[in-house]
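Trainee: from the sequence below, what's the structure:
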Amino acid sequence: MKTIFLAMLASSGTLWGCSQQLTGTHLPSLVQNALQVKFPAAQNIEWEKEGNLYEAEFTVNLVEHTALVDATGKVMSYKQDITSAQLPETVTVALKRDYQAFQMDELEKVEKDGQVVYQVELENANEEVKKVYAPDGTQANVIFWD
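Mentor: Numbers count the residues shown, from 1 in each chain. Prediction:
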């Protein structure tokens with residue numbers, strides 16, 4: 001019985017170990033400073049360690065943002081919630097053409113290495129679809145960032 005309990009405890013610990021919430025005292029100063037420089041108005045910052053990267057979730061002017069920062073302080077990528085009015089018209093047209101039976105649920109603007117893409121979660125009564133679009137309205141060959 002004791003062996004089973006220890007095995008269960010060990011396996012649950014590995015599940016929780018995939019990401020680790022951090023406080024400012026457990027965070028490299030290069031990482032904290034990089035976020036403050038890039039997003040000086042960031043508020044309500046919550047940090048997690050995701051593999052070799054630090055993930056910050058925060059708000060700027062009540063808009064949700066997420067940034068990935070490496071240990072050297074480089075902001076690798078970031079995303080922010082947007083409204084349908086903030087989508088490029090070309091993306092809106094493509095969505096209406098390709099997903100007529102769906103409604104837009106969550107929209108995000110993502111920037112990585114100077115490139116911008118738009119993530120869209122679409123849903124209808126039967127399914128949910130996640131797509132990534134380039135600003136010109138074509139589907140981007142980029143993995144959806146959850």
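
Trainee: residues in contact with Ala56?
Mentor: 35, 42, 45-47, 65-67, 69 (C-beta atoms under 8 Å, 6 or more residues apart in numbering). In this view, the C-beta of every residue, glycine as well, is placed from N, C-alpha and C.

Trainee: mind doing that once more with 6 Å?
Mentor: By C-beta atoms under 6 Å, 6 or more residues apart in numbering, the residues touching Ala56 are 35, 45, 47, 67.

Trainee: what pairs with the closest residue to it other than its chain neighbours across the strands?
Mentor: Nearest non-adjacent residue to Ala56, counting by C-beta to C-beta, 6 or more residues apart in numbering: Ala67, 4.9 Å away. Beta-bridge partners recorded for Ala67 (DSSP bridges): Ala56, Tyr78.

Trainee: give me the pLDDT value at Ala67.
Mentor: pLDDT, Ala67: 98.

Trainee: from Gln139, how far off is Ala85?
Mentor: Per C-beta to C-beta, to the nearest Å, Ala85 is found 21 Å from Gln139.

Trainee: give me the more crowded residue out of those two.
Mentor: Per other C-beta atoms under 10 Å, whichever of Ala85 and Gln139 has more neighbours is Gln139, with 13 against 7.

Trainee: residues contacting that one?
Mentor: Tyr133.

Trainee: circling back to that earlier point, measure the residue nearest to Ala56 to Glu50 for me?
Mentor: 11 Å.

Trainee: more neighbours, those two?
Mentor: Ala67 (24 against 11).

Trainee: residues near the residue lying closest to Asp81 once chain neighbours are set aside, how many?
Mentor: Setting aside the residues directly before and after it, Asp81 is nearest to Glu64 in space (C-beta to C-beta, 6+ apart), at 4.5 Å. By other C-beta under 10 Å, the residues close to Glu64 number 15.

Trainee: which phi and psi values does Thr72 adopt?
Mentor: Here is the backbone geometry of Thr72 (degrees, to the nearest 10): phi -90, psi 0.

Trainee: just give the nearest non-adjacent residue to it, would you?
Mentor: Leu30 (6.2 Å).

Trainee: let's verify that neighbour: helix, strand, or coil?
Mentor: Classification of Leu30 using DSSP: H, G, I helix; E, B strand; the rest coil returns helix.
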